[in-house]
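J.: need a 3D model of the following:
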Amino acid sequence: MGITDWLISAEERGNRATGLDRRHTDGAAWTAGNEVRLLVHGASYFGELLRCVRLMRAGDLLLFTDWRGDPDQAMNADGDEISVLLCEAAIRGVVVKGLIWRSHVDAFAFSEQQNRHLGEDIGAAGGECLRDMRVRVGGSHHQKFVVLRHPGRPELDIAFVGGIDLCHSRRDDSDHRGDSQSQPIAAVYGSRPPWHDIQLAIQGPAVGDVETVFRERWEDPAPLSRNPFERIIDALRREDVTPGVLPVQLPDPLPRGSHTVQVLRTYPRRVGYPFAPNGERSIARAYEKVLARAHTLIYVEDQYFWSAEVAACFAAALRASPTLHLIAVLPHHPDQDGRLSQPPNLVGQQGALDLLRAAGGDRVAVYGIENLAGTPVYVHAKVCVIDDVWASVGSDNLNRRSWTYDSELSCAIVDEAVDQRIPLSPSRFGEPAGVFARDLRLTLAREHLDRGVGDDADLVDPRTAFTVFGASAATLARWYADGQRGPRPPGRLRPHDPPRLSRATRAWATPLYRTFYDPDGRPPRLRRRHRF
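T.: As a prediction, the model looks like this:
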């Protein structure tokens, strides 16, 4: 057994139409020799993106996709805006190409106007940014990544992949005071919602894979929208709806690190993507494979974690391995608090958590986080670490929509560099803990427990970490139960126990949840077999 046994093969990806795996001369569905850095929170990501884009010059290539883009979003405390950053790059002669989800109308609290204005700004500066509505009804393009290529300077090539949009509310840091440019969500999060999120900075051959994901979407010959009303509006506005020619793709950057990276995706069926005519569900398939190997600890941070089908994969792992524990860090409250919008958000998660607890009992621990002022922190991160061997960061949530319906992009990482701390091998098959996966888990744990760098000796063993998390959350819960007497204990974790919905509420919320909030984009034969 080896670390690549934790990755899916090209055949297991289940999408022969894509060039993503065919482009590898060794036949592998991944690339070795990468260097991956963790950027926790929008402030870290935006600062690094700002630095890298400012190094670009004429002839370089900047590619990006986004779910929402706010032109005036500040990238740093000085107020440097994302639109200005991208436009200045285009003016310098950088080839700037972007794909932003067109979005539903703003009357439904989406981002149609903001996404259009960012594209207009970039177009006026000489770049090209298209609004892409090649999705299923009610679906979205949810991928969030940036690729920077530098002809003649491949050592600067980099890809940023994760869950952070270039928009309001995302520029928060570990103190979790929120972004001053906030996007309103549920009132319980306050006027400046604290926001927990993660992005990866990838250098090495995998940059070419991420670029290929962009090129496949950009070169799709289908119209950007099939809606006749939208096409009329675009014609009246003279909006750019025809993708320009991309420069020839450069050779992949040379190996530079110990990280093997696998690019995973979701595309729905029936949209007619030439690169995924039957859709792609490699994110779901990767989870199915690694969860069957899980032995000691599954560590998850996720915005939703709902859907019986998704929870069933985790529940099966818990039943199969009596030594396996699960820690899940989720938002304490949904981002919507309306009388009609909140129950569908709750009903799916309630059912999923019931499945997990029935399978794992007290081996399952679910938490939310808050800042030191006691304000809940909205967890938007999409992270999973299994046995300190396999780690995944991306745009996908643990729900059926992300695994089958929207477009998503995630990167799975296994590290050839062995973490020398005990236990050397928490896995069932003897693969050693990797430096990247363990450091990712410990970095997040230190933040949630209010600890400094290096203060994690009792967290290295995943089994001990499970106990430490529980003790910290219980201490904070007791402090609240005692009327907050005395100093606030360290730690930001509190047990997450969403309110139980009445039978009547579940009766109307469940169909709405299944059809609108968490739809199924699988072919019928896979739905019938409960497979991805």
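J.: use CA for all of it now, contacts and neighbours both
T.: Will do.
J.: contact partners for Ile422?
T.: Neighbouring residues of Ile422 by Cα atoms under 8 Å, 6 or more residues apart in numbering: 460-461.
J.: give me the local confidence score for it.
T.: On pLDDT, Ile422 comes in at 94.
J.: helix/strand/coil for it?
T.: With DSSP: H, G, I helix; E, B strand; the rest coil as the basis, Ile422 sits in coil.
J.: name the next helix or strand downstream of the lowest-mean-pLDDT helix or strand in the chain, please.
T.: Sorting the helices and strands of the chain by mean pLDDT, DSSP states H and E puts helix 112-124 at the bottom, at a mean of 77. Helices and strands here follow DSSP states H and E; after helix 112-124, the next one along the chain is strand 128-132.
J.: by contact count, what packs against that following strand?
T.: Contacts defined by 3 or more Cα pairs under 8 Å, 6 or more residues apart in numbering; DSSP states H and E place strand 128-132 against strand 95-101, helix 112-124.
J.: could I get those as CSV with distance to Gly79 and mean neighbour count?
T.: CSV is the format used below for the helices and strands packed on strand 128-132 (distance: least, Cα to Cα, whole Å; neighbours: other Cα atoms under 10 Å):
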stretch, distance to Gly79, mean neighbour count
strand 95-101, 22, 25
helix 112-124, 17, 20
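J.: nearest to Cys52 among those would be which one?
T.: Closest to Cys52 of those is strand 95-101 (Cα to Cα; 13.9 Å).
J.: how about that closest one as CSV, C-alpha atoms only?
T.: Taking C-alpha atoms only, strand 95-101 is exported to CSV below (Å, rounded to 0.1, in the frame of the first residue of the first chain):
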residue,chain,number,x,y,z
VAL,A,95,-4.0,38.5,-20.4
VAL,A,96,-6.9,38.5,-17.9
LYS,A,97,-9.8,36.0,-18.5
GLY,A,98,-12.6,35.4,-16.0
LEU,A,99,-15.7,33.2,-15.7
ILE,A,100,-18.3,34.3,-13.1
TRP,A,101,-21.6,32.6,-12.5
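J.: between it and strand 128-132, how big is the angle?
T.: Strand 95-101 runs at 20 degrees relative to strand 128-132, counting by axes from the mean of the first three to the mean of the last three Cα atoms, to 10 degrees.
J.: tell me the pLDDT at the closest residue to Asp21 other than its chain neighbours?
T.: In space, and not counting its chain neighbours, Asp21 is closest to Ala29: 5.0 Å by Cα to Cα, 6 or more residues apart in numbering. pLDDT for Ala29: 97.
J.: numbering from 40 from now on, please.
T.: Right, with 40 as the first residue, what we last looked at is Ala68.
J.: touching, Ala68 and Asp44? I think so.
T.: No: if you go by Cα atoms under 8 Å, Ala68 and Asp44 don't touch, sitting 11.6 Å apart.
J.: for the residue nearest to Asp60, what are its contacts?
T.: Contacts of Ala68 by Cα under 8 Å, 6+ apart are 47-49, 59-60, 301.
J.: repeat for Arg61
T.: So Arg61 contacts nothing (Cα under 8 Å, 6+ apart).
J.: in what helix or strand does it lie?
T.: Using DSSP H and E, no helix or strand contains Arg61.
J.: spatially nearest residue to the residue nearest the centre of the chain, not counting backbone neighbours?
T.: Centroid check for the chain by Cα atoms, centre = their mean gives Ser434 as the closest residue, at 2.5 Å. Residue nearest to Ser434 in three dimensions, not counting chain neighbours: Gly202, with 4.4 Å by Cα to Cα, 6+ apart.
J.: hang on, isn't the one you found packed against Gln238?
T.: Yes: using Cα under 8 Å, Gly202 is in contact with Gln238, at 6.1 Å.
J.: joint contacts of those two?
T.: With Cα under 8 Å, 6+ apart, Gly202 and Gln238 have common neighbours 432-433.
J.: re earlier: which of the helices and strands packed on strand 167-171 sits closest to Pro313?
T.: Of all the helices and strands packed on strand 167-171, strand 134-140 sits nearest to Pro313, with 17.1 Å by Cα to Cα.
J.: distance from the closest one to the middle of the chain?
T.: 19 Å (Cα atoms, centre = their mean, to the nearest Å).
J.: pull the CA atoms of stretch 509-525 into CSV?
T.: Listed in CSV are the C-alpha atoms of stretch 509-525, where the atom choice follows Å, rounded to 0.1, in the frame of the first residue of the first chain:
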residue,chain,number,x,y,z
GLY,A,509,-14.7,17.7,23.8
ALA,A,510,-13.3,18.9,27.1
SER,A,511,-12.8,22.5,25.7
ALA,A,512,-16.4,22.7,24.4
ALA,A,513,-17.8,21.3,27.6
THR,A,514,-15.9,23.9,29.7
LEU,A,515,-17.1,26.8,27.6
ALA,A,516,-20.7,25.4,27.8
ARG,A,517,-20.5,25.2,31.6
TRP,A,518,-19.3,28.8,31.8
TYR,A,519,-22.4,29.9,29.9
ALA,A,520,-24.6,27.7,32.0
ASP,A,521,-23.1,29.2,35.2
GLY,A,522,-24.1,32.7,34.0
GLN,A,523,-20.6,33.6,32.6
ARG,A,524,-19.1,34.0,36.1
GLY,A,525,-15.4,34.6,36.1
